[in-house]
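Student: Okay, sequence plus prediction incoming.
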Amino acid sequence: MDISELMQQARHFQEKMAQIQEELATRTVTGTAGGGMVTVTVNGKGEVLGMSIEPEVINPDDPQMLQDLITAAVNDGLRKAKELGQDEMSKLTGGMRIPGLF
């Protein structure tokens with residue numbers, strides 16, 4: 001394998017990776033907490049797109065509970081988005097774990 005062939009493969013890899021990242025931006029996952037009382041929608045890039053809070057968990061006397069539920073739902077959504085990204089990237093790398101890739 002010569003250097004030009006290696007460079008061509010690297011360009012192809014970069015193009016495929018860019019395509020995957022574009023696709024991830026359009027895919028969403030949902031994080032939940034409190035048995036679905038708080039839900040968060042996150043795209044595959046890890047951006048929070050929306051949130052839903054059931055009125056019965058809004059208690060002015062206990063704001064800490066709502067804060068904890070929101071934090072848990074966001075973390076659940078971000079974890080799922082990360083897994084989605086890792087799954088898509090593993091298709092590109094053939095399952096090889098490349099440090100720093102995702």
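Tutor: Done, it's in.
Student: Let me know the helix or strand that the most centrally placed residue in the chain is in.
Tutor: The centroid of the chain falls nearest to residue 81 when counting by CA atoms, centre = their mean (1.8 Å). When elements are defined using DSSP states H and E, residue 81 is found to belong to helix 63-93.
Student: Any buried residues in that helix, and which?
Tutor: Buried residues in helix 63-93, counted by 16 or more other CB atoms under 10 Å: 66, 69-70, 72-74, 76-78, 80-81, 84-85, 88-89, 92. (Glycine included, C-beta is placed from N, CA and C.)
Student: quick check, nearest of these to residue 42?
Tutor: Nearest to residue 42, judged by CB to CB, of the buried residues of helix 63-93 is residue 77 at 3.7 Å.
Student: Grab the nearest non-local neighbour of residue 82.
Tutor: Closest residue to residue 82 apart from its sequence neighbours, by CB to CB, 6 or more residues apart in numbering: residue 46 at 6.9 Å.
Student: got any ranges where this protein has weak pLDDT?
Tutor: 1, 95-102 (pLDDT under 70).
Student: and the residue nearest to residue 82, helix, strand or coil?
Tutor: coil (DSSP: H, G, I helix; E, B strand; the rest coil).
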